[in-house]
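Undergrad: Fold the following.
(one chain, ligands or ions: 1)
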Amino acid sequence: MYDRTLETLPAERLRAHQWSRLRALLDEVAGANPFWTTRWRAAGLDTACDLRDWKDFARLPLTTKAELVADQAAHPPFGTDLTYPLERYVRVHQTSGTSGTPLRWLETQASWEWWARCWGFVLAGAGVRPDDRVFFPFSFGLFIGFWAGFEGAQALGALAIPGGGQDSPTRLAAMESLGATVLVCTPSYALHLLQIARERGIDAARLPVRVTVHAGEPGAGIPAVRARIEEGWGARAFDHAGMTEMGAYGYECQAQAGLHVNESEFIAEVIDPGTGAASREGELVLTNLGRLGSPLIRYRTGDRVRLADGLCACGRTFVRLEGGILGRLDDMLIVRGVNVFPSAIEAVVRRFPVEEFRIEVFREGELDEVRLLLEVEGGEGGARRVQEALRATLGIRLEVAPVDAGSLPRFELKARRVVRR
Ligand SMILES: [Zn+2]
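TA: You can find the predicted model right below:
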């Protein structure tokens, strides 16, 4: 069950809590799990006893998604990150596959309960209570998506409502008739549902939804996107970060001063992606402490983050990522010598009446040429206003072109708005 007292542990006690969890994890995994045993032996660690302090921990090898993909390709279908015999596992899920081959992940009963516990922190941070009715407009398939969020809502004592196998108008009708007070989906889908509501003459702000929780894209951490969701739904929007292979690790509190990392269940490090040295800003590296059947230890998430200074007003002692996930390291564009994340472009675009957009990238030699396609009110004039705002805010000049309303793809799962040509 979600434990509020862990969130406010003083720093030393939190580190001690992490250390005992880590030692228990290594005890279970070393020798039993082929993936980690092989890697650690190569690094001189045979048993958990060989890990004496945090300095030893920092010497454990970093792991990348490419290594996990290669392992599953070499040992199909589940790879070798398995601590127990296959019969101990009770669920299988996979990544969305938006960035290549999907990764499969097995869960034991205990690790599935761990997922629900982690989601308890996410939902409680957003102020979700046992009397809430939480709607999940999500197709409950192989992709892990919001499956664990559904379990987490139940574990918190709230009413979880499955919104799979329905089109958007049916979902809106279900939300209304069942009195949904919380909406959990990607930021893109929250905006899309608003558009559908408008087309049907429904004012979503008059529905009883008071809280929305978003993951899968950086959107809810982008002020202009958050403002549109909050205004449209008449609710407070909260950001959340998680990954199929890692778990639900990041969430916002009522202070909304960045994304807290759940340090009672994860160890967070930030490294310079070039040198691997510890840094205040760089790549997020995570270790999950409660998924003993298939853990990840010192995993390079590929997400760019910046650590916030000082304590949060909410009283939680967990570290915060300022501005949430700033972007994917492999999504960074270099436009006329300026480093730009697509999320920074989106932050400007969403200040305007834009229904949907796409960023097209053309590589010419070492330079990225970027063209922005917009479904924007006001056609050419509207596009020009966005272009001027991009120049004023980011210092870059992009080609911006209006396109017909409804001509760009819509996304229910993870949006792919950056297209490389
Ligand atoms: Zn806080």
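
Undergrad: Run a quick neighbour tally on the residue of the stretch 51-200 of the chain found nearest the ion.
TA: Residue nearest to the ion within the stretch 51-200 of the chain: G125 (7.6 Å; C-beta to the ion). C-beta coordinates here come from the backbone N, C-alpha and C atoms, glycine included. Using other C-beta atoms under 10 Å, G125 has 27 neighbouring residues.

Undergrad: need the contact list for the residue nearest the centre of the chain.
TA: Against the mean C-alpha coordinate of the chain, by C-alpha atoms, centre = their mean, the closest residue is A241 at 2.9 Å. Going by C-beta atoms under 8 Å, 6 or more residues apart in numbering, A241 touches A215, A248, Y249, G250, Y251, L259, D303, L321, G324, I325.

Undergrad: one more time with 6 Å, if that's ok
TA: The contact partners of A241, by C-beta atoms under 6 Å, 6 or more residues apart in numbering, come to G250, L259, I325.

Undergrad: Likewise for W36?
TA: V29.

Undergrad: other SSEs contacting the one helix or strand L25 maps to?
TA: Using DSSP states H and E, L25 sits within helix 11-29. With contacts defined as 3 or more C-beta pairs under 6 Å, 6 or more residues apart in numbering; DSSP states H and E, helix 11-29 has no helix or strand neighbours.

Undergrad: give me that answer again for 10 Å
TA: helix 34-42, helix 54-59, strand 266-271, strand 281-288 (3 or more C-beta pairs under 10 Å, 6 or more residues apart in numbering; DSSP states H and E).

Undergrad: Show me which parts of the longest one are buried, residue by residue.
TA: Okay, so that is helix 34-42. Under the neighbour-count criterion of 16 or more other C-beta atoms under 10 Å, helix 34-42 has F35, W36, T37, R39, W40 buried.

Undergrad: circling back: name the residues linked to the residue nearest to the centre of the chain by a beta bridge.
TA: For A241, the beta-bridge partners are G250 (DSSP bridges).

Undergrad: Check the spacing between it and the ion real quick.
TA: Distance from A241 to the ion, counting by C-beta to the ion, to the nearest Å: 14 Å.

Undergrad: how near is that residue to G302?
TA: Distance of A241 to G302, given as C-beta to C-beta, to the nearest Å: 12 Å.

Undergrad: Check G382 too.
TA: Going from G382 to G302 by C-beta to C-beta gives 34 Å.

Undergrad: and what of G164?
TA: According to C-beta to C-beta, G164 stands 28 Å off from G302.

Undergrad: Of these two, which one has the most company?
TA: A count of neighbours by other C-beta under 10 Å puts G302 above the other of G164 and G302, at 19 against 15.

Undergrad: So, low pLDDT: which residues of the protein?
TA: Applying pLDDT under 70 to the chain picks out residues 1, 97-100, 365-367, 412-414.

Undergrad: what residues does it put near the ion?
TA: Residues of the chain lying close to the ion (C-beta under 5 Å from the ion) are C253, A255, C312, C314, R316.

Undergrad: Between which two of these is the distance greatest?
TA: Greatest spatial distance in the residues of the chain next to the ion: A255 and R316, 8.8 Å, computed using C-beta to C-beta.

Undergrad: Between these two, which contacts overlap?
TA: Contact criterion C-beta atoms under 10 Å, 6 or more residues apart in numbering; residues shared by A255 and R316: G125.

Undergrad: list the helices and strands the host helix or strand of G381 packs on?
TA: Using DSSP H and E, G381 maps to helix 379-394. Judged by 3+ C-beta pairs under 10 Å, 6+ apart, helix 379-394 is in contact with strand 338-340, helix 342-349, strand 354-364, strand 367-376, strand 399-402.

Undergrad: Show me how far stretch 188-207 is from its chain's centre.
TA: Relative to its parent chain, stretch 188-207 has a centroid offset of 23 Å by C-alpha atoms, centre = their mean, to the nearest Å.

Undergrad: buried sites along it?
TA: Buried positions in stretch 188-207, judged by neighbour count with 16+ other C-beta under 10 Å: 188-197, 202, 204, 207.

Undergrad: Any chance of a markdown table for the residues you listed, columns secondary structure?
TA: Shown next, in a markdown table, are the buried residues of stretch 188-207 (DSSP: H, G, I helix; E, B strand; the rest coil):
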| residue | secondary structure |
| --- | --- |
| S188 | helix |
| Y189 | helix |
| A190 | helix |
| L191 | helix |
| H192 | helix |
| L193 | helix |
| L194 | helix |
| Q195 | helix |
| I196 | helix |
| A197 | helix |
| I202 | coil |
| A204 | helix |
| L207 | coil |
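
Undergrad: Which one of those is nearest to F136?
TA: Of the buried residues of stretch 188-207, the one sitting nearest to F136 (C-beta to C-beta) turns out to be Y189, at 10.7 Å.

Undergrad: So that closest one sits against L172, correct?
TA: No: assessed by C-beta atoms under 10 Å, Y189 is found out of contact with L172, at 11.9 Å.

Undergrad: Between those two, which contacts overlap?
TA: In contact with both Y189 and L172: P137, using C-beta under 10 Å, 6+ apart.

Undergrad: ranking the helices and strands packed on helix 379-394 by burial, who's on top?
TA: Most buried of the helices and strands packed on helix 379-394, by mean neighbour count (mean count of other C-beta atoms under 10 Å): helix 342-349, with a mean of 22.

Undergrad: buried residues in stretch 275-288?
TA: Neighbour-count burial for stretch 275-288 [16+ other C-beta under 10 Å]: S279, G282, E283, L284, V285, L286, T287, N288.

Undergrad: Spatially, and excluding backbone neighbours, which residue is closest to the last one.
TA: Spatially, and ignoring its direct neighbours in sequence, N288 is nearest to G247 (5.0 Å; C-beta to C-beta, 6 or more residues apart in numbering).

Undergrad: residue contacts, that neighbour?
TA: Residues 105, 111, 114-115, 117-119, 144, 148, 262, 265-266, 286, 288-291, 295-296 are the ones in contact with G247 under the rule C-beta under 10 Å, 6+ apart.

Undergrad: Any idea how many residues pack against the nearest residue to L6 once chain neighbours are set aside?
TA: In space, and not counting its chain neighbours, L6 is closest to S264: 3.9 Å by C-beta to C-beta, 6+ apart. By the criterion of other C-beta under 10 Å, S264 has 21 neighbours.
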